[in-house]
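[1] Next come a sequence and a model predicted from it.
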Amino acid sequence: MTAWRFVTRHWLTVYAIAAAVFLVLPIAVVILFSFNAPKSNFNYVWQGFTLDNWIHWDAIIGIREAVVTSLEIGLLATVVATVLGTLIALAIVRHHFVGRSTTNLIVFLPMSTPEIVLGASLLTLFINATAVFQLGFWTIFIAHVMFIISFVVVTVKARLIGFDRHLEEAAMDLGANELTTFRKVTLPLIAPAMVAAALLGFALSIDDFVITYFNAGSQAQTFPMFVWATSQRALPPQINVVASAIFLVALAIGLANVFWQYRSAKRLRGAQ
Amino acid sequence: MGTFFHRRRRLTPYLLLAPGLLWLGFFFLIPLGFLGYQSLESGSYGNFEFTWEFSNFSNALTDYREQLFRSFLYAGIATLACLVLGYPMVYWIAFQAGPWRNFFLLVIVAPFFVTYLVRTLAWLNILADEGPVVGFLRDVHLLGADEGLIYTTFAVVSGIAYNFFPFMALPLYVSLEQIDPRMLEAAKDLYASSTQAFLRVTLPLSAPGIVAGTLLTFIPAAGDFINAALLGTPNQSMIGNVIQAKFLTSLDYPTAASLSFVLMASILVALLVYARAVGTEKLTG
């Protein structure tokens, strides 16, 4: 009876916690089933606990190569897209020029186009220009840079808008040239936004399946493509191991960020 | 020297833009042109010819009407489910979670940290015939002894709703979090009941978040093919599944390209209808 009264009084809290459980349940299942010892090829039903999958995570042919390819493309595409996107953001926020709204539109469009259309249209370019492009590692790289740029622009732009231009003017007044001002004032100020954008870009890159699948050909395979190809005939628990590992790394970064925000908020309160 | 400096300053924005915009031009805009070109070709793999074949579009529409309709139906239901599930949760996070706020926001984005395909496949574990959910539903006779949940419309729509939930929740949070609590106090002072205060203050003020969340959820959901492929059967096949199969399995590029355009155009039409319904100001700002 008291439990029922708690529910009616705090129904919103109960609802929010239930929704949170819905969100977390599949994640818990992914991690739990990474410790499963399935009897069949498909890791669907819980059979028993084992650490073998974690110890021999690369026992499945092709999984190690796929993870390495994902990491390589993620790193390369993120670095390139972060630089290109930051430059666009700098131009949009700091300069008035003809074609600014067109630029904004071109940056916004890839984010509002369904992934399948992005992937399909890029594939039509590649198959019509086979003299220049062979489907494989580099076409995946091109595709990833393309879809990450917009997210970088949005992230860095948000930071640049709230930033005091007087700091740069002060540096110039003190005799610094444009390059020195950029290196010593602008860059350190936007560095956190660039890091955030790079983390987001990397996460998008290693998670992407649709665009990659369209533009990979048969030469290169990322981890999501490996999962797709494998899932047609088997579901080894090693897939869960890799996914859990990616999740735990991302979670650690997320928690570090929450903690860092909490600490700087506390410090701010202390200063007041 | 002065004019040189001046000219260089005027060139600066274009120099900053050039590399990124060239990339987007070459690998986003020009490919859209190629997609249009390919959609008007005829012939079969190996010898496609550009013949202004507009019948590709009418054929695509008649042959795959069912999948197109299903895509919009599933995306619509999933978007609505995200809104119904997300709004109360995000409302609680914004107004009542207190110190738990950041934790629950992390919970909302946590699914994004797990590889898309793997977190979708996890639903096969959860909804498996031998699993606890189906077992319970069979025990209480909501499901017959030979009925299951995987490879059903329910599984596909739930999968879509689950996968795109953060796209709904985050814009909702941004709009709810900006509401000044004093507005609600003012409403209460003017003798509004909590229901009235919610309906006449909170809900209208959070409308931009609802609009943004609906768009951000609906657009990727309508083009999705992974949930239907992994959690459904050909009976749940969506337009994305057809595009994918035509492009990568049967190599029927013209049909696939025209279907891609049909998908994009129908999303645009849906957006315009939606914009008309909610008012364009809310849509853009």
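    Alright, I've got the coordinates.
[2] residues touching the residue in the stretch 1-150 of chain A positioned nearest to chain B, list them.
    Residue nearest to chain B within the stretch 1-150 of chain A: A:Pro114 (2.9 Å; Cβ to the nearest Cβ). For the C-beta atoms, the positions are set from N, CA and C on the backbone; glycine is no exception. By Cβ atoms under 8 Å, 6 or more residues apart in numbering or on different chains, A:Pro114 lies in contact with B:219-220, B:222-223, B:240, B:263-264, B:267.
[3] Could you measure from it over to A:Asn36?
    35 Å (Cβ to Cβ, to the nearest Å).
[4] Kindly report the same for B:Pro99.
    From B:Pro99 over to A:Asn36 (counting by Cβ to Cβ), the distance is 36 Å.
[5] So these two - more neighbours on which side?
    The neighbour comparison of B:Pro99 against A:Asn36 (other Cβ atoms under 10 Å in any protein chain shown) goes to A:Asn36, with 19 against 7.
[6] That one reaches A:Gln47, doesn't it?
    Yes: A:Asn36 lies in contact with A:Gln47 (Cβ atoms under 8 Å); the separation is 6.0 Å.
[7] What residues does the stretch 151-272 of chain A have near chain B?
    With Cβ under 8 Å from any Cβ of the partner chain as the criterion, the stretch 151-272 of chain A comes near chain B at residues A:153, A:203, A:206-207, A:209-210, A:213-214, A:223-224, A:227-228, A:231, A:235, A:239-240, A:242-243, A:246-247, A:250-251, A:254-255, A:258, A:261-262.
[8] Tell me which residue is most central in chain A.
    Central residue of chain A (Cα atoms, centre = their mean): A:Ala203, 2.0 Å from the mean position.
[9] correct me, but that residue touches B:Phe113?
    Yes: using Cβ under 8 Å, A:Ala203 is in contact with B:Phe113, at 7.4 Å.
[10] Find residues that contact each of the two.
    Common neighbours of A:Ala203 and B:Phe113 (Cβ under 8 Å, 6+ apart) are A:Ala250.
[11] Now for A:Ala59: which residues touch it?
    A:Ala59 neighbours (Cβ under 8 Å, 6+ apart): A:Gln238.
[12] Are we agreed that it is in a strand?
    No: counting by DSSP: H, G, I helix; E, B strand; the rest coil, A:Ala59 is located in no strand; its state is coil.
[13] got a pLDDT number for it?
    Per-residue pLDDT puts A:Ala59 at 91.
[14] Then A:His166?
    82.
[15] neighbours around it, how many?
    So A:His166, with other Cβ under 10 Å, has 9 neighbours.
[16] same thing with the one 4 residues further on?
    When neighbours are defined as other Cβ under 10 Å, A:Ala170 has 13 of them.
[17] Any buried residues in stretch A:242-252, and which?
    By 16 or more other Cβ atoms under 10 Å in any protein chain shown, the buried positions in stretch A:242-252 come out as A:242-244, A:246-247, A:250.
[18] what's the average pLDDT for that stretch?
    95.
[19] And stretch A:69-76, by the same measure?
    Mean predicted confidence for stretch A:69-76 is 97.
[20] Show only the entries of the buried residues of stretch A:242-252 found in helices.
    Those of the buried residues of stretch A:242-252 mapping onto helices are A:242-244, A:246-247, A:250, per DSSP state H.
[21] any chance of those in CSV, plus distance to B:Trp123?
    CSV is the format used below for those (distance: Cβ to Cβ, whole Å):
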residue, distance to B:Trp123
A:Val242, 18
A:Ala243, 14
A:Ser244, 16
A:Ile246, 18
A:Phe247, 16
A:Ala250, 20
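[22] Which one of those is nearest to A:Phe182?
    Proximity to A:Phe182 was ranked across those by Cβ to Cβ; first place goes to A:Ala250, at 31.4 Å.
[23] Tell me if I'm right that that closest one and B:Thr115 touch.
    No: if you go by Cβ under 8 Å, A:Ala250 and B:Thr115 don't touch, sitting 10.4 Å apart.
[24] Show me the shaky parts of the stretch 101-250 of chain B.
    Residues of the stretch 101-250 of chain B that meet the criterion pLDDT under 70 are absent altogether.
[25] In it, what residue comes closest to chain A?
    B:Gly223 (2.9 Å).
[26] tell me the contacts of that residue?
    With Cβ under 8 Å, 6+ apart, B:Gly223 has these contacts: A:114-117, B:71, B:239-240, B:263, B:267.
[27] Verify the stated contact: A:Gly217 with A:Gln134.
    Yes: judged on Cβ under 8 Å, A:Gly217 makes contact with A:Gln134 at a distance of 7.2 Å.
[28] neighbour count winner among these two?
    Between A:Gly217 and A:Gln134, counted using other Cβ under 10 Å, the more crowded position is A:Gly217 (17 against 12).
[29] Backbone dihedrals for the more buried one, please?
    For A:Gly217, the backbone dihedrals are phi 70, psi -150 (criterion: degrees, to the nearest 10).
[30] Could you confirm whether the one helix or strand A:Thr86 maps to reaches chain B?
    When elements are assigned from DSSP states H and E, A:Thr86 belongs to helix A:63-94. Yes: against chain B, helix A:63-94 shows contacts by Cβ under 8 Å from any Cβ at A:83-85, A:87-88, A:90-91, A:94.
[31] tell me which of the residues you listed is nearest to A:Val24?
    Closest approach to A:Val24 among these (Cβ to Cβ): A:Gly85, at 31.6 Å.
[32] Give the burial count for the closest one, as a bare number.
    Number of residues near A:Gly85 (other Cβ under 10 Å) recorded here: 28.
[33] okay but it is in contact with A:Ala196, surely?
    No: using Cβ under 8 Å, A:Gly85 makes no contact with A:Ala196, being 11.8 Å away.
[34] Lovely, talk soon.
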